[in-house]
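Novice: give me the fold of what follows.
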Amino acid sequence: MVKGKKVVIDIRDLRKSFGDNHVLNGFNLRLFEGENLVVMGKSGSGKSVMIKCLVGLMQPDSGYIEVMGKEVNTLDRAQLDTLRADIGFLFQGSALYDSMTVRENLEFPMRRHKEKLGYITDTEPLVLEALENVGLAHTVDLMPEELSGGMKRRVALARTLILKPKVILYDEPTSGLDPITAKEIIELMRSIQRKY
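Specialist: Predicted coordinates for the structure are as follows:
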């Protein structure tokens, strides 16, 4: 504990190799409640692999991972799904569904995680609130192809926020963006953290 804050993520001695390539070799990380933490490293240094291990998408070779009091490597599929509903994840390439409107992209996680949100008859207020939080309420009926790179990242963040996660993980949130848009995304991440 630091200053009375509880540990939200605890990773100890995490190891993951692909053949002779030791991507994670004793990685340690501790994230406290209310804290922003950046993991930096060159391309291929294991940042994305660490995130995949953290959310149970990839099995580490060894090490300990605890998220919000749950040891990830001991959870079954249903328990992992429940945990993942509390972890927002912003993919590097935004990962919006091209065949869906912005509204439909935001409604998708609500259908997937009904047990967390309950049965919602009118998704409109939640969708608009999430889009307003990222300054894009006017894009609700647009297709992803009609959005700029920065707008896609914002919509992806709105989709993450719709489940009201306790932790948000960003995988290279500013890669491929111009400096001005990258700065806007960083400021948006800070404001989201302060608000929630």
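Novice: walk me through the domains of the chain.
Specialist: Per automatic domain parsing, the structural domains of the chain span 1-76, 85-196.
Novice: worst average pLDDT in those?
Specialist: Mean pLDDT values for the domains of the chain show the minimum at domain 85-196, a mean of 85.
Novice: what's the span of it, first residue to last?
Specialist: Using C-alpha to C-alpha, to the nearest Å, one end of domain 85-196 lies 16 Å from the other.
Novice: show me what the helix or strand Met151 falls within is packed against.
Specialist: Met151 is part of helix 149-161, with elements assigned from DSSP states H and E. For helix 149-161, the elements it packs on are strand 87-90, helix 102-112, helix 124-133, helix 179-195, judged by 3 or more C-beta pairs under 8 Å, 6 or more residues apart in numbering; DSSP states H and E. Quick note: C-beta positions are derived from backbone N, CA and C, even for glycine.
Novice: quick one on the thing from earlier: return the most buried member of the domains of the chain.
Specialist: Per-residue neighbour counts averaged over each of the domains of the chain give the maximum for domain 85-196, namely a mean of 16 (mean count of other C-beta atoms under 10 Å).
Novice: in contact with the nearest residue to Thr139 once chain neighbours are set aside, which residues?
Specialist: Excluding the flanking residues, the one nearest Thr139 by C-beta to C-beta, 6 or more residues apart in numbering is Val102, at 5.0 Å. Under the criterion of C-beta atoms under 8 Å, 6 or more residues apart in numbering, the neighbours of Val102 are Leu96, Leu131, Leu136, Thr139, Val140, Asp141, Leu142, Met143, Pro144, Leu147, Val155.
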